[in-house]
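In: Sequence and predicted structure are below.
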Amino acid sequence: MIEEAELKLSKIYQEIDHKCFVNSEKVINAFHKNNLSEIHFNSTTGYGYNDIGRDVIESIYADIFKAEDALVRSQFISGSHALNVTLFGLLRPGDTLLSITGLPYDTLHEVIGIKENESSLKSFGINYEQIDLVNNEFNYEEIEKKLKEKKIKVIEIQRSRGYALRKSITIKKLKEVIEFIKQIDSEVIIMVDNCYCEFVDTVEPIEIGADIAVGSLIKNLGAGISPNGAYVVGRKDLIKLVGERLTLPGEGKDVGPTLGINKSIIQGLYMAPSVVAASLKTAVLTSYILANMGYQVDPKYDEERADIVEAITFNNPEDLIHYIEGIQAGSAVDASALPIPTDMPGYDDQIIMASGSFTQGSSIELSCDGPIRPPYIAFQQGSLTYEYGKIGLQFALDRILEYKK
């Protein structure tokens, strides 16, 4: 089944390889421009003053994203933590945050105050409003109306779908809406949640007008090598605010020990284009085969992709659970573990998750998860190599077919 599918998908794989080459050139050029040297792998402790490796890494990130500045730190626990710090860094009491991609990812609900929490933005007097997508398109009429009726401080755009049923946001759609917004209000800060999307295309959000973008190092750009961390890139004045929220006012980016992580962060970035390409090929193969088995998939195998996520709608909990069990069984780590639906912090529904990864929660390694709620969708992402992706997929297919006998 897989071998036949690969013949059909060869042209799409060639397109993925081309983007991988372009992004690899981008990375190596940034390394050369910043004269990356072995000395930059050295470690600092305590306050982390004068950490030249940290500074070079952030300069490399800024160059790759074509941003004025960057904050790349292991002090960020996750992408959600980096989003939290960014929002608190940019917003002040009385300000309004507007999401134009509908409800944000579950882990931000208590950050914003959608779900009550005494530490939320809402508890600090920061307002939140949202505009839903309409048929997977931005609601331009409502965006214009909202921008003209009141002052919006920050617009948040979440590119990846999270656990929503909508499609992820491509670079083309992102560029169009940013240009539209800036024509109405050039001062509004456009913040992009770029998780799962880096190096899927050859253009990143800052290049097309976003003011600030945020992502995780245990997703695309960590390539399974970085053990934790996240990045924020964008305007220098905004990065200063975020840095001072992460550490403290007056010190900001100038402090923060690297504790030996520099080599892992930069080596992860070096490998990221090829690992993202492997993840995309795995997603395309999964989409093609599962669609031929009668399941609803999104994106379809030949659709333009904005991120590394493949959504598979099973319409019943049994197939969802068995598929995810199969992904776990095909993993490198804890392959003998049996995933079961369970409560997880930040989520309202029980979640079942397969993640036999070397780094806990690393979504760029082959993983698959989903909430136990209709229509029972599995969200699959990652694979450090295409070969391991194929093996994991075969385990998942075998598991489903076993229980259908």
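Out: Now that the structure is in, tell me what you want to look at.
In: what about the helices in the protein?
Out: For the chain, the helices defined by DSSP state H occupy 2-8, 10-33, 52-65, 79-90, 109-112, 140-149, 171-184, 236-246, 262-292, 317-329, 386-404.
In: Check the burial of Trp179 by counting its neighbours.
Out: Wrong residue type there; residue 179 is Glu, not Trp. 11 (other CB atoms under 10 Å). C-beta: built from backbone N, CA, C; applies to glycine.
In: right, and Ala62 touches Glu68 too?
Out: Yes: contact criterion CB atoms under 8 Å: Ala62 and Glu68 qualify, at 6.7 Å.
In: returning to that earlier point: need the helices of the chain in CSV (columns: mean pLDDT and distance to Gly229).
Out: Below are the helices of the chain laid out as CSV (pLDDT from 0 to 100; distance: least, CB to CB, whole Å):
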stretch, mean pLDDT, distance to Gly229
helix 2-8, 89, 34
helix 10-33, 98, 17
helix 52-65, 98, 10
helix 79-90, 98, 9
helix 109-112, 96, 19
helix 140-149, 98, 33
helix 171-184, 98, 24
helix 236-246, 98, 12
helix 262-292, 98, 6
helix 317-329, 96, 25
helix 386-404, 93, 23
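In: how about these, which one is nearest Arg373?
Out: Nearest to Arg373 among the helices of the chain is helix 317-329; the distance by CB to CB comes to 9.0 Å.
In: by contact count, what packs against the closest one?
Out: The contact analysis (3 or more CB pairs under 8 Å, 6 or more residues apart in numbering; DSSP states H and E) places helix 317-329 against strand 351-354, strand 367-371, strand 377-381, helix 386-404.
In: Next, the residues that contact it from outside, please.
Out: With CB atoms under 8 Å, 6 or more residues apart in numbering as the test, helix 317-329 has contacts from 295, 312, 314, 334-339, 341, 352-356, 366-370, 372, 376-378, 380, 392-393, 395-400, 402-403.
In: now it and strand 367-371, what's the angle there?
Out: Between the axes of helix 317-329 and strand 367-371, defined by axes from the mean of the first three to the mean of the last three CA atoms, to 10 degrees, the angle is 150 degrees.
In: buried set for helix 317-329?
Out: Neighbour-count burial for helix 317-329, counted by 16 or more other CB atoms under 10 Å, picks out Asp319, Leu320, Ile321, His322, Tyr323, Ile324, Glu325, Gly326, Ile327, Gln328, Ala329.
In: do stretch 164-181 as well
Out: Buried residues in stretch 164-181, defined by neighbour count with 16+ other CB under 10 Å: 164, 166-171, 173-175, 177-178, 181.
In: wait, which of these is closest to Ser80?
Out: Using CB to CB, the buried residues of stretch 164-181 come closest to Ser80 at Ala164, 15.6 Å.
In: Can you give me the distance of that closest one to Leu7?
Out: For Ala164, the distance to Leu7 equals 34 Å [CB to CB, to the nearest Å].
In: what's the answer for Leu165, then?
Out: Look at Leu165 and Leu7: by CB to CB, they are 32 Å apart.
In: cool, and Pro257?
Out: Pro257 sits 51 Å away from Leu7, taking CB to CB as the criterion.
In: So these two - more neighbours on which side?
Out: The neighbour comparison of Pro257 against Leu7 (other CB under 10 Å) goes to Pro257, with 18 against 7.
In: Could you pull up the residues touching the residue lying closest to the more buried one once chain neighbours are set aside?
Out: Nearest non-adjacent residue to Pro257, counting by CB to CB, 6 or more residues apart in numbering: Gly48, 3.5 Å away. Residues near Gly48 by CB under 8 Å, 6+ apart: Arg54, Val255, Gly256, Pro257, Thr258.
In: now swap in Ile114 and tell me
Out: Leu103, Pro104, Leu108, Tyr128.
In: likewise Val22?
Out: Contacts of Val22 by CB under 8 Å, 6+ apart are Thr202.
In: any idea how far it is from Thr202?
Out: 5 Å.
In: Check Gly209 too.
Out: Gly209 is 16 Å from Thr202, where distance means CB to CB.
In: How far does stretch 74-94 sit from its chain's centre?
Out: Taking CA atoms, centre = their mean, to the nearest Å, one finds stretch 74-94 lying 15 Å from the centre of the chain it belongs to.
In: And it, what's buried?
Out: So stretch 74-94, judged by 16+ other CB under 10 Å, has buried residues 74-91.
In: Start and end of that stretch, how far apart?
Out: With CA to CA, to the nearest Å as the measure, stretch 74-94 spans 31 Å from end to end.
In: just to revisit the earlier point, save the helices of the chain as a markdown table, and put in distance to Tyr196 too.
Out: As requested, these are exported to a markdown table (distance: least, CB to CB, whole Å):
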| stretch | distance to Tyr196 |
| --- | --- |
| helix 2-8 | 23 |
| helix 10-33 | 15 |
| helix 52-65 | 16 |
| helix 79-90 | 9 |
| helix 109-112 | 18 |
| helix 140-149 | 24 |
| helix 171-184 | 13 |
| helix 236-246 | 21 |
| helix 262-292 | 9 |
| helix 317-329 | 17 |
| helix 386-404 | 16 |
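In: for these, which one sits closest to Val214?
Out: If you check each of those against Val214 by CB to CB, helix 79-90 wins as the nearest, at 5.0 Å.
In: Which strands and helices lie in contact with the closest one?
Out: Short answer (3+ CB pairs under 8 Å, 6+ apart): helix 79-90 packs on helix 109-112, strand 154-158, strand 189-193, strand 212-216, strand 230-234, helix 236-246.
In: Extract the CA atoms of that helix and return them as CSV.
Out: In CSV, the C-alpha atoms belonging to helix 79-90 read as follows (Å, rounded to 0.1, in the frame of the first residue of the first chain):
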residue,chain,number,x,y,z
GLY,A,79,5.5,27.7,22.7
SER,A,80,2.4,28.5,24.9
HIS,A,81,4.7,30.0,27.5
ALA,A,82,6.4,32.2,24.9
LEU,A,83,2.9,33.3,23.7
ASN,A,84,1.9,34.1,27.3
VAL,A,85,5.1,36.2,27.9
THR,A,86,4.6,38.0,24.6
LEU,A,87,1.0,38.9,25.3
PHE,A,88,1.8,40.1,28.8
GLY,A,89,4.8,42.0,27.4
LEU,A,90,2.7,43.9,24.8
